[in-house]
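Enquirer: With the sequence up front, the predicted model follows.
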Amino acid sequence: MELNLTKDQVQTLLNLVNREMSGICGDLGYLELSKIKSILEQQLDSNSSNKPPTQ
């Protein structure tokens, strides 16, 4: 499943994941959130590198 998210949407999701990871969650929850965080960071990097330079 591919989602087309804006940079702001990805950043918001990443912030939410980070907040959850800093809270109380079990090992399994932390593992799942870590996977999601990694995917979101890759998406954010991809969005940044695909953006044309501003003049």
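Expert: Arrived safely, thanks for sending.

Enquirer: hey, let's count contacts and neighbours off CA atoms from now on
Expert: Fine.

Enquirer: buried sites along stretch 39-54?
Expert: 40, 43, 44 (16 or more other CA atoms under 10 Å).

Enquirer: Spatially central, which residue of the chain would that be?
Expert: residue 40 (2.5 Å; CA atoms, centre = their mean).

Enquirer: List the residues that contact that residue.
Expert: Applying CA atoms under 8 Å, 6 or more residues apart in numbering, one finds that residue 40 lies in contact with 10, 11, 13, 14.

Enquirer: before we move on, the earlier item: tell me the one of the buried residues of stretch 39-54 nearest residue 28?
Expert: Proximity of the buried residues of stretch 39-54 to residue 28 (CA to CA) peaks at residue 40, which lies at 18.5 Å.

Enquirer: For that closest one, give its distance to residue 14.
Expert: 6 Å (CA to CA, to the nearest Å).

Enquirer: average model confidence for stretch 33-46?
Expert: Per-residue pLDDT values over stretch 33-46 give a mean of 89.

Enquirer: All further residue positions should be reported with the first residue as 51.
Expert: Done: numbering now begins at 51, and the last item shifts to stretch 83-96.

Enquirer: Please could you give me each C-alpha atom of it, formatted as PDB?
Expert: Extracted C-alpha coordinates of stretch 83-96, given in PDB (Å, rounded to 0.1, in the frame of the first residue of the first chain):
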ATOM      1  CA  LEU A  83       6.800   2.200  16.200                       C
ATOM      2  CA  SER A  84      10.500   2.000  15.300                       C
ATOM      3  CA  LYS A  85       9.600   0.400  12.000                       C
ATOM      4  CA  ILE A  86       7.100   3.100  11.300                       C
ATOM      5  CA  LYS A  87       9.600   5.800  12.300                       C
ATOM      6  CA  SER A  88      12.200   4.400   9.900                       C
ATOM      7  CA  ILE A  89       9.700   4.400   7.000                       C
ATOM      8  CA  LEU A  90       8.600   7.900   7.700                       C
ATOM      9  CA  GLU A  91      12.100   9.200   8.000                       C
ATOM     10  CA  GLN A  92      12.900   7.600   4.600                       C
ATOM     11  CA  GLN A  93       9.800   9.200   3.100                       C
ATOM     12  CA  LEU A  94      10.800  12.600   4.500                       C
ATOM     13  CA  ASP A  95      14.300  12.200   3.100                       C
ATOM     14  CA  SER A  96      12.800  11.200  -0.200                       C
END
